[in-house]
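In: next input, structure requested:
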Amino acid sequence: MNKTRSPEVLEPFGAAPHERPVPRISIHAFCEFPDTGAALQRAGADRRLAKASLNVQLGGIGAAIDHYAGQVTPNLLIVETRLSGKAALDELDRLAEVCDPATKVVVIGRTNDVELYRELIRRGASEYLVAPLDPLHLIEVVAGLYSDPHGRPIGRVIAFLGARGGVGSSTLCHNIGWFIAEEQNINTTIVDLDLPFGTVALDFNDEPGQSVADALTTPERMDDVLLERVLLKRGDHLSLFAAPASLDRDYEAPLEAYESVLDAVRQAMPCVLLDLPHLWTPWLKASLISADEIVVVASTDLASLRNTKNLVELLRHDRANDPAPRLVLNQVGQPKRPEIPVKDFAETIGLEPALVMGYEPQLFGQAANNGQMLGELGVKSPLVNNVRNFAGQLTGRKQAAAEVRESPFLSLLRGKKRA
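Out: Modelled structure (predicted):
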């Protein structure tokens, strides 16, 4: 007797525990050992702790007791002890006498002792961590202390940025969003942040009503109800947060407005794609660095090479606890255009491309003129299939792009010798 196979049940999509940003809290840490202090400083420089205020001092629990005698304790107190057993518990009891009831306490020790852990938790400690510390694990613990266990998960943010204008970053972002929503059934919002020249509404053959610019003028009003009203719906799972694409107004908003609007979107949607314009401002840099995943789109020319190298170096420095951005090389193989070979481009950047897209103007032109995405054309093309699988690579829901056989054209390009 044949058994019907039950459909695969997938976990809800959203930001992983280590990707959740920590709220605007004060954190004070008192360390016994320099390596613990260094790990805390690395965690404090991470994008997920950007809103929190972290102060690190040496001295351990004893120094914390002396410091807070008669003073208000912070939201979170992290203390390290070199003691174990009853001595560590007695030290924590003395600390409890100077701690405010609302202060959460994380204890760091050098002993992997389950009984000590249980007793510390029983006495009011929020968590016990064993050194040496992993900065990402520490961030995950802190985020977990301030997240609602019964609340809905926050969305995962994927930012798309072109190394220079005209390399197809927006087109790729919009097509990736369509594949994630329509073929992976993940509720997705594409946020077009190129306010004067954005094309998300144009590419989907739609007309924006209220736009991202309107939300930025009154970010304090951005809640689920308003967000539902301003988003353009494209099917069951895809929404567009369009740019006004108009030159009859100035688009100036503070960094905090962008943060508030994007926080509201990721609170409502499991997957958020940022279509970032090719410019460099404080809000764009902050939006890029705070994203959970970054895709840099470039073409194989010298300006793209220089700009991509600068971007990758900056992101490696400012996102030291994150993987490198994913590199997409687009418009490869344009006739009569001198190009930097893909292999040389990758070696100079120090980053292998996650996706190499050939130059197919007819395919993209047809989609643009029809107001359709590549997947809606019904065209059987290796390029379309590779874009589809790259979308799966970003979400972890489909076969990775590296596992898909390249078209013969791209294989030849990769192996092409320099003249």
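In: which residues of the stretch 251-400 of the chain fall in strands?
Out: For the stretch 251-400 of the chain, applying DSSP state E, counting those that start in this stretch gives strands covering 271-275, 293-298, 326-332, 355-358.
In: adding distance to residue 117, write those out as a markdown table.
Out: The C-beta positions use only the backbone N, C-alpha and C, and glycine is treated the same way. Below are the strands of the stretch 251-400 of the chain laid out as a markdown table (distance: least, C-beta to C-beta, whole Å):
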| stretch | distance to residue 117 |
| --- | --- |
| strand 271-275 | 36 |
| strand 293-298 | 34 |
| strand 326-332 | 39 |
| strand 355-358 | 45 |
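In: looking at the ones you listed, which is buried most?
Out: Sort those by mean neighbour count, taking mean count of other C-beta atoms under 10 Å, and strand 271-275 sits at the top with a mean of 27.
In: what's the angle between that strand and strand 293-298?
Out: 30 degrees (axes from the mean of the first three to the mean of the last three C-alpha atoms, to 10 degrees).
In: Provide the strand pairings for strand 271-275, with the direction of each partner.
Out: strand 156-162 (parallel), strand 188-192 (parallel) (DSSP bridges).
In: adding mean pLDDT and mean neighbour count, write those out as JSON lines.
Out: As requested, these are exported to JSON lines (pLDDT from 0 to 100; neighbours: other C-beta atoms under 10 Å):
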{"stretch": "strand 156-162", "mean pLDDT": "98", "mean neighbour count": "25"}
{"stretch": "strand 188-192", "mean pLDDT": "98", "mean neighbour count": "28"}
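In: let me know which of the ones you listed is the nearest to residue 335.
Out: strand 156-162 (21.9 Å; C-beta to C-beta).
In: between the strands paired with strand 271-275, which one is closest to residue 265.
Out: Nearest to residue 265 among these is strand 188-192; the distance by C-beta to C-beta comes to 5.7 Å.
In: for the closest one, the distance to its chain's centre please.
Out: Once both centres are worked out by C-alpha atoms, centre = their mean, to the nearest Å, strand 188-192 turns out to sit 14 Å from its chain's centre.
In: out of the strands of the stretch 251-400 of the chain, nearest to residue 62?
Out: Nearest to residue 62, of all these, is strand 293-298, at 42.6 Å by C-beta to C-beta.
In: list of residues touching that closest one?
Out: By C-beta atoms under 8 Å, 6 or more residues apart in numbering, the residues outside strand 293-298 that reach it are 156-164, 167-169, 172-173, 176, 288, 304-305, 307-308, 311-312, 315, 325-330, 345, 354, 394.
In: so where's this protein uncertain?
Out: 1-11, 149-151, 398-419 (pLDDT under 70).
In: okay but residue 37 is in contact with residue 54, surely?
Out: No: Residue 37 is not in contact with residue 54 according to C-beta atoms under 8 Å; the separation is 11.1 Å.
In: give me the number of residues near residue 370?
Out: Residues near residue 370, counting by other C-beta atoms under 10 Å, number 11.
In: tell me the contacts of it?
Out: Contacts of residue 370 (C-beta under 8 Å, 6+ apart): 205, 377.
In: ok, it to residue 196 distance?
Out: The spacing between residue 370 and residue 196, counted by C-beta to C-beta, to the nearest Å, is 25 Å.
In: for the stretch 101-250 of the chain, which segments are assigned as strands?
Out: Ranges of strands in the stretch 101-250 of the chain, per DSSP E, counting those that start in this stretch, are 104-109, 127-130, 156-162, 188-192, 232-234, 238-241.
In: what's the last one in contact with?
Out: Residues from elsewhere that reach strand 238-241 (C-beta under 8 Å, 6+ apart): 177-178, 181-182, 187-192, 200-201, 204, 206, 208, 211-212, 215, 230-234, 265, 269.
In: quick check on those residues: which are buried?
Out: Buried subset of these (neighbour count, 16 or more other C-beta atoms under 10 Å): 177-178, 181-182, 187-192, 200-201, 204, 208, 211-212, 215, 230-232, 234, 265, 269.
In: can you redo the strands paired with strand 271-275 as JSON lines with distance to residue 299?
Out: Converted to JSON lines, these look like this (distance: least, C-beta to C-beta, whole Å):
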{"stretch": "strand 156-162", "distance to residue 299": "9"}
{"stretch": "strand 188-192", "distance to residue 299": "21"}
